[in-house]
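1. Could you look at this predicted model? Sequence included:
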Amino acid sequence: MDADGATGPAALLSLVHLTAQADCVIGSRWLPGSVLHQSQPRLRRFASRVFHTLVQLCFWMNIKDTQCPAKVIRRAAVERVHPALSIADLAFDVNLLYVLKREGYRIMEVPIEWTDKLGSQVTRSFFRSSLTMFLSVIRLRLIYSPFYGWLRPLRPLEVWVYGKLRAPAPRSSTGDGT
């Protein structure tokens, strides 16, 4: 979960209790029953829904809020999928959830109690963060496609772009996503 305290300890504990029913339990701000004490600004909500649409088109995970930081995952699942993760930026959640689903782990999405925190890094660098997330989702789609190996000569360009965006460079991967 994020360090800003947007999800309180009680909400996190409720996720922990649900791990008896799933390998990964994630909070969702977009499910009926969610309690949002302070909503995100309108532009962030719009960008969130655009991002959700992109993720859904690329991965068909049927998860309404991949970016809610409130997630609890069983240790065995994390240890199994960790080597396949290649994104360390704001799209990390998409990478994590997609690999968990691909490996057959059960993901449960539940309503969450959440409060937007003013002064977020994402809000301050909205355009750069949005572009990084967009590029990372496209990159993930390519990683998990049979064509990724053909794109290896473009790796220096990829590293350069992420450097210009001041985002962590993606880990180098093989064609199978590991």
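-> That came in fine, so what should we check first? Residues are numbered from 1 along each chain as shown.

2. okay, CA-based contacts and neighbour counts for the rest of this
-> Fine.

3. the strands in the chain, which residues?
-> Applying DSSP state E to the chain gives strands spanning 24-28, 35-38, 71-73, 107-111, 113-115.

4. Please identify the deepest-packed of those.
-> Of all the strands of the chain, strand 24-28 carries the top mean neighbour count, a mean of 26, counting by mean count of other Cα atoms under 10 Å.

5. I'd like to know which of the strands of the chain is closest to Y162.
-> With Cα to Cα as the criterion, Y162 lies closest to strand 71-73 of the strands of the chain, at 26.0 Å.

6. is it true that R128 touches G163?
-> No: taking contacts as Cα atoms under 8 Å, R128 lies outside contact range of G163: 11.4 Å.

7. between these two, who's got more neighbours?
-> Between R128 and G163, counted using other Cα atoms under 10 Å, the more crowded position is R128 (16 against 12).

8. okay, the more buried one: pLDDT?
-> For R128, the pLDDT comes out at 85.

9. For it, give me its contacts.
-> L165 (Cα atoms under 8 Å, 6 or more residues apart in numbering).

10. how close does the residue nearest to L165 when sequence neighbours are not counted get to L135?
-> Among residues not flanking L165 along the chain, R128 sits closest, at 6.1 Å (Cα to Cα, 6 or more residues apart in numbering). Computed with Cα to Cα, to the nearest Å, the distance linking R128 and L135 is 11 Å.

11. go on, L18?
-> Counting by Cα to Cα - L18 and L135 are separated by 33 Å.

12. show me the contacts for K71.
-> Counting by Cα under 8 Å, 6+ apart, K71 touches 1, 12, 15, 24-27.

13. Could you report the neighbour count for A70?
-> For A70, using other Cα under 10 Å, the count is 22.

14. is it true that it touches S14?
-> No: assessed by Cα under 8 Å, A70 is found out of contact with S14, at 10.6 Å.

15. Distance check, the residue of the chain most remote from its centre against S125.
-> Using Cα atoms, centre = their mean, the residue of the chain lying farthest from its centre is P153. It sits 26.7 Å away. Here the criterion is Cα to Cα. By it, P153 lies 30 Å from S125.

16. Then I63?
-> Per Cα to Cα, I63 is found 25 Å from S125.

17. For the closest residue to S39 other than its chain neighbours, give its distance to F147.
-> In space, S39 comes closest to D116 once its chain neighbours are excluded; the distance is 5.6 Å by Cα to Cα, 6+ apart. Distance, D116 to F147, using Cα to Cα: 39 Å.

18. These two - which one has more neighbours?
-> Comparing D116 with F147 by other Cα under 10 Å, the one with more neighbours is D116, at 16 against 12.

19. who are the neighbours in contact with that one?
-> 6, 36-40.
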